[in-house]
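Novice: Here's a sequence, model it:
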Amino acid sequence: QVKLVESGGGLVQPGGSLRLSCAASGRTFSSYRMGWFRQAPGKEREFVAAINWTGGRTYYADSVKGRFTIFKDNGKITVYLQMNSLKPEDTAVYYCALGVVGSGAAGLAGSYNYRGQGTQVTVSS
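Specialist: So this is what the prediction gives:
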């Protein structure tokens, strides 16, 4: 079993920054990917960003390209999401997810086997 614990959410003004983190523990895989999804009230869950643990290839939703950066700490098995130039439409619960590379496209929720509890991000003045 894999446990994912997110942290770093909060309230920030438009144009501000936040950094989310997600620490993974438990079962390990030889080749896996970690990603972030978000879900706003009344909306469907959407892909934000992902990173392959081996090689470090990254994937981003068009809506966050140039503003968000996903990166990892190999020693801690932790993935981060640096969010800059935040907009009110970024307000959502952000979820960390982990899947095995080869299980499907990085942008599809079904490609991930594990998900964290989520952390709230609110962008408002």
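Novice: can you tell me how far the nearest residue to Val93 once chain neighbours are set aside sits from Thr54?
Specialist: Nearest non-adjacent residue to Val93, counting by C-beta to C-beta, 6 or more residues apart in numbering: Gly118, 4.3 Å away. Where C-beta positions appear, they are placed from N, C-alpha and C, glycine not excepted. Separation of Gly118 from Thr54 (C-beta to C-beta, to the nearest Å): 26 Å.
Novice: can you pull the buried residues of stretch 73-84?
Specialist: Residues Ile77, Thr78, Val79, Tyr80, Leu81, Gln82, Met83 are the ones in stretch 73-84 that count as buried (16 or more other C-beta atoms under 10 Å).
Novice: now stretch 72-86: mean pLDDT?
Specialist: Averaging pLDDT along stretch 72-86 yields 93.
Novice: so how far is it from its chain's centroid?
Specialist: Here the centre of stretch 72-86 is set off from its chain's centre by 8 Å, with C-alpha atoms, centre = their mean, to the nearest Å.
Novice: if we look at it, which residues are touching it?
Specialist: 12, 14-25, 28, 34, 36, 48-49, 51, 53, 56, 64, 67-71, 90, 94, 96, 121, 123 (C-beta atoms under 8 Å, 6 or more residues apart in numbering).
Novice: any idea how far the residue lying closest to Thr28 once chain neighbours are set aside lies from Lys43?
Specialist: Spatially, and ignoring its direct neighbours in sequence, Thr28 is nearest to Ile77 (7.9 Å; C-beta to C-beta, 6+ apart). Distance of Ile77 to Lys43, given as C-beta to C-beta: 30 Å.
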